[in-house]
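Participant: Fold the following, please.
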Amino acid sequence: MIDLEFNRNEDSMNTNISRLRRELDIIYEGGGKKKLEAQKRDGKLTARERVAYLLDKQHPQFEIGAFAGYGMYEEYGGCAGGGVIVVIGYISNKLCIVVANDATVKAGAWFPITAKKNLRAQEIALENHIPIIYLVDSAGVFLPMQDEIFPDKEHFGRIFRNNAILSSKGIPQIAAVMGSCVAGGAYLPIMSDEALIVEKTGSIFLAGPYLVKAAIGEDVDSETLGGATTHCEISGVTDYKMKDDVECLDTIKKIVDKISVDIKSSFDQVISKEPKEPIKKILGMYPAEPGKPYDMRKVIECLTDDSELVYYKEQYGKTILCAYARIGGYAVGIVANDRRIVKSGKGEMQMGGVIYSDSADKATRFILNCNQKKIPLVFIHDVTGFMVGTRSEQGGIIKDGAKMVNAVSNSTVPKFTIIIGNSYGAGNYAMCGKAYDPRFIVAWPTAKIAVMGGVQAAKVLTQIQVSALKAKGKMPDDDEEKKLFEQISKRYLEQTSPYYAAARLWIDAIIEPDQTRDWIIMGIKTSQFAATKKFNPGVIQT
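Facilitator: Take a look at the predicted model:
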């Protein structure tokens, strides 16, 4: 029997996926085909070719922050991918994170989002205790925006501070200088454990030939000032002199092969089973019409081993689903917003996607249980926020919401967040949004992230502006008010887009729904190399 609604949903999701792939194809071209070709003529591999050659082909790999800088810095010609590529994958069968400057994007210069993306890569290495490999090819700070990248706590200097912290924790760092490495950026490879440099193309110096001439009047060429021969034979700054990119990358593989990597958090695992339903079926689960109720349980069944779940407090707090399951053989605790309209134990009808007091109470208890049992948590968002109104306020919704936020904040097991639909207001926080340190946070192309829904926000903002105009003696007519609403609504809806969020690294990636299971499995594998801290929930009166 043909399921017309399923087919409509699937068609809508495939349209979203087609757009996602088109946008990624553009990003993958970096600074454009001409610049990519020019880099090859100089005898260099492109940044993406370097990463592809370095990573094991037989293992999965996932890119972080591909959309960083998307739609930003248009006055400077844009900054595809933030000018840097970050990928989690395997090198010589060891799980690593690779950071590669893309010299075709503004000569690999550092924009504010470039620094943020590099810091995110280092954060992943620190949290998960995995080696980090830097493939350096950068002209340094993008000077027209130096005030937004140089002096603050989360700016350029934080990267070198993190180099030192990573080193102190025994997390391996290997840097390959495969192009320019100038000014403050020169500290990154040298603060790593080992540094390689490629002959003729690689160079390291605090000040380039032009600046040296201006500062002290000395005439010197790049190779003499900071090339491979200088730093491998005279200064001793670098450890390996490589003839070309391929030899350099092959040497990194050999070094990584000798690294000892230990699993420190062994989460419960059995032999993995595929879901009963084909993973592709998930494409037809999310409704084509925004806001339409659907059954989140069916989405989860496409992700879990053998589609098997053990629901916690199934008949209580029904707008949040809490369940034990396995994904890739690993035990997980799933917290997800159910979008069905359900009847509570008190006989009241509850709107799907809204967190009520009983839902928050249930989720809090479940999160505590998972921490006690050392079970990783998976949060699946389609939440419009906490319930409002007199009954909810008098029932203590703020107190119950605070308990849930407390439990999420103090959770010590790895947390993974997938935003498939709405992620609004305090609902984003309680469901482990970006501010609550999920190990990885990804979104489907259907995701929306904001303080509240677009229509509601536009109405509020319109009324504020109308009131401001009236206070000035200007009385907008109905047409003007409608036009104002449409302008505000358009701007606000653009800001709720997953592309807007990904551009600013509020999420690590926009993914195709059928990649969700693989992302979770990779996330758990990555998290095993760091020790899980002892759980201390603080004061939570459940």
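Participant: For residue 195, give me the backbone phi and psi.
Facilitator: phi -130, psi 130 (degrees, to the nearest 10).
Participant: what's in contact with the host helix or strand of residue 363?
Facilitator: Secondary-structure assignment from DSSP states H and E places residue 363 in helix 357-373. By CB atoms under 8 Å, 6 or more residues apart in numbering, the list of residues contacting helix 357-373 from outside reads 312-313, 316-320, 322, 333, 335, 344-345, 355, 375-377, 386-387, 392, 395-397, 400-401, 403-404, 406-408, 411-413, 430, 535, 537, 540, 542. C-beta coordinates here come from the backbone N, C-alpha and C atoms, glycine included.
Participant: Now do that helix: distance to the chain's middle.
Facilitator: Here the centre of mass of C-alpha atoms in helix 357-373, compared against the chain's by CA atoms, centre = their mean, to the nearest Å, lies 25 Å away.
Participant: Tell me the buried residues in it?
Facilitator: Neighbour-count burial for helix 357-373, with 16 or more other CB atoms under 10 Å as criterion, is recorded at 357-368, 370-371.
Participant: CA-only coordinates of stretch 361-372 in CSV, if you can.
Facilitator: Below are the C-alpha coordinates for stretch 361-372, written out as CSV (Å, rounded to 0.1, in the frame of the first residue of the first chain):
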residue,chain,number,x,y,z
ASP,A,361,11.0,15.7,35.9
LYS,A,362,11.2,12.4,34.0
ALA,A,363,14.1,13.6,31.9
THR,A,364,16.0,14.8,34.9
ARG,A,365,15.7,11.4,36.6
PHE,A,366,16.7,9.6,33.5
ILE,A,367,19.8,11.7,32.9
LEU,A,368,20.9,11.0,36.5
ASN,A,369,20.4,7.3,36.0
CYS,A,370,22.5,7.3,32.8
ASN,A,371,25.3,9.1,34.6
GLN,A,372,25.2,6.6,37.5
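Participant: Can you give the contact residues for stretch 299-312?
Facilitator: Stretch 299-312 is contacted by residues 272-277, 279, 281-282, 285-286, 297, 321-329, 334, 336, 362, 365-366, 369, 380, 420, 516-517, 520 when judged by CB under 8 Å, 6+ apart.
Participant: now do 6 Å
Facilitator: Stretch 299-312 is contacted from outside by 273, 275-277, 279, 281-282, 285, 322-327, 366, 516-517, using CB atoms under 6 Å, 6 or more residues apart in numbering.
Participant: now, which of the residues you listed lie within helices?
Facilitator: Assigned to helices by DSSP state H, the following of the contacts of stretch 299-312 qualify: 366, 516-517.
Participant: For residue 386, give me its contacts.
Facilitator: Here residue 386 is in contact with 355, 397, 401, 426 (CB under 6 Å, 6+ apart).
Participant: Skipping adjacent residues, who's closest to the first one in space?
Facilitator: Yep, that's residue 355 we're talking about. residue 386 (4.8 Å; CB to CB, 6 or more residues apart in numbering).
Participant: Find me the pLDDT at the one you found, would you?
Facilitator: With respect to pLDDT, residue 386 scores 88.
Participant: Quick check: residue 110 vs residue 138, distance?
Facilitator: 7 Å (CB to CB, to the nearest Å).
Participant: Residue 86 reaches residue 101, doesn't it?
Facilitator: No - under the criterion of CB atoms under 6 Å, residue 86 lies out of contact with residue 101, with a separation of 10.6 Å.
Participant: sorry, back to before: from the contacts of stretch 299-312, keep the buried residues only.
Facilitator: Here, 16+ other CB under 10 Å leaves 275, 279, 281-282, 285, 322-327, 366, 516-517 buried among the contacts of stretch 299-312.
Participant: want to try a markdown table for these, with pLDDT and distance to residue 119 as columns?
Facilitator: As requested, the buried ones among the contacts of stretch 299-312 are exported to a markdown table (pLDDT from 0 to 100; distance: CB to CB, whole Å):
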| residue | pLDDT | distance to residue 119 |
| --- | --- | --- |
| 275 | 97 | 36 |
| 279 | 93 | 33 |
| 281 | 95 | 38 |
| 282 | 96 | 32 |
| 285 | 94 | 35 |
| 322 | 98 | 33 |
| 323 | 98 | 34 |
| 324 | 98 | 34 |
| 325 | 98 | 33 |
| 326 | 98 | 33 |
| 327 | 98 | 29 |
| 366 | 98 | 32 |
| 516 | 98 | 26 |
| 517 | 98 | 28 |
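Participant: which of these lies closest to residue 212?
Facilitator: Distance to residue 212 across those (CB to CB) is lowest for residue 516, with 52.2 Å.
Participant: Show the contacting residues for the closest one.
Facilitator: Contact partners of residue 516, counting by CB under 6 Å, 6+ apart, are 303, 418.
Participant: Just say helix, strand or coil for residue 133.
Facilitator: Using DSSP: H, G, I helix; E, B strand; the rest coil, the structure places residue 133 in strand.
Participant: brain fart, residue 474
Facilitator: Following three-state DSSP, residue 474 is assigned to coil.
Participant: okay, residue 110 and residue 138: which has more neighbours?
Facilitator: residue 110 (30 against 27; other CB atoms under 10 Å).
Participant: how close does the spatially closest residue to the more buried one that is not a sequence neighbour sit to residue 315?
Facilitator: The shortest distance from residue 110 to any residue other than its chain neighbours is 5.0 Å, reached at residue 141 (CB to CB, 6+ apart). As defined by CB to CB, residue 141 lies at a distance of 58 Å from residue 315.
Participant: Mind checking which of these two has more residues around it?
Facilitator: When residue 141 and residue 315 are compared on other CB under 10 Å, the one with more neighbours turns out to be residue 141, at 22 against 9.
Participant: Show the pLDDT at that one.
Facilitator: Confidence at residue 141, expressed as pLDDT, is 86.
Participant: quick one: low-confidence ranges for the stretch 351-500 of the chain?
Facilitator: Of all residues in the stretch 351-500 of the chain, those with pLDDT under 70 make up the ranges 454, 457-458.
Participant: can you give me the strands for it?
Facilitator: Counting by DSSP state E, counting those that start in this stretch, the stretch 351-500 of the chain has strands at residues 354-355, 377-383, 385-386, 415-424, 440-443, 448-450.
Participant: I'd like those strands laid out as TSV, including distance to residue 161.
Facilitator: Compiled in TSV, the strands of the stretch 351-500 of the chain are given as follows (distance: least, CB to CB, whole Å):
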stretch	distance to residue 161
strand 354-355	38
strand 377-383	30
strand 385-386	37
strand 415-424	25
strand 440-443	23
strand 448-450	29
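Participant: okay, residue 86 and residue 101: which has more neighbours?
Facilitator: Neighbour count, other CB under 10 Å: between residue 86 and residue 101, residue 101 has more, with 28 against 25.
Participant: Go ahead and confirm the more buried one touches residue 137.
Facilitator: Yes - contact status for residue 101 versus residue 137: in contact at 4.4 Å, counting by CB under 6 Å.
Participant: Check which helices and strands the longest helix seen in the chain sits against.
Facilitator: What stands out as the longest helix in the chain, according to DSSP H, is helix 4-28. With contacts defined as 3 or more CB pairs under 6 Å, 6 or more residues apart in numbering; DSSP states H and E, helix 4-28 has no helix or strand neighbours.
Participant: Now the next helix or strand after that helix - C-alpha only, PDB.
Facilitator: Tracing the chain C-terminally past helix 4-28 and defining elements by DSSP H and E, one meets helix 33-41 next. What follows is helix 33-41, C-alpha atoms only, in PDB (Å, rounded to 0.1, in the frame of the first residue of the first chain):
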ATOM      1  CA  LYS A  33      39.000  26.300  -9.300                       C
ATOM      2  CA  LYS A  34      41.600  28.700 -10.700                       C
ATOM      3  CA  LYS A  35      43.300  29.000  -7.300                       C
ATOM      4  CA  LEU A  36      43.200  25.300  -6.800                       C
ATOM      5  CA  GLU A  37      44.900  24.800 -10.100                       C
ATOM      6  CA  ALA A  38      47.500  27.500  -9.300                       C
ATOM      7  CA  GLN A  39      48.300  25.600  -6.000                       C
ATOM      8  CA  LYS A  40      48.900  22.400  -8.000                       C
ATOM      9  CA  ARG A  41      51.200  24.300 -10.500                       C
END
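Participant: Just want the angle from the helix or strand following helix 33-41 to helix 33-41.
Facilitator: Tracing the chain C-terminally past helix 33-41 and defining elements by DSSP H and E, one meets helix 47-54 next. Angle of helix 47-54 versus helix 33-41, following axes from the mean of the first three to the mean of the last three CA atoms, to 10 degrees, is 50 degrees.
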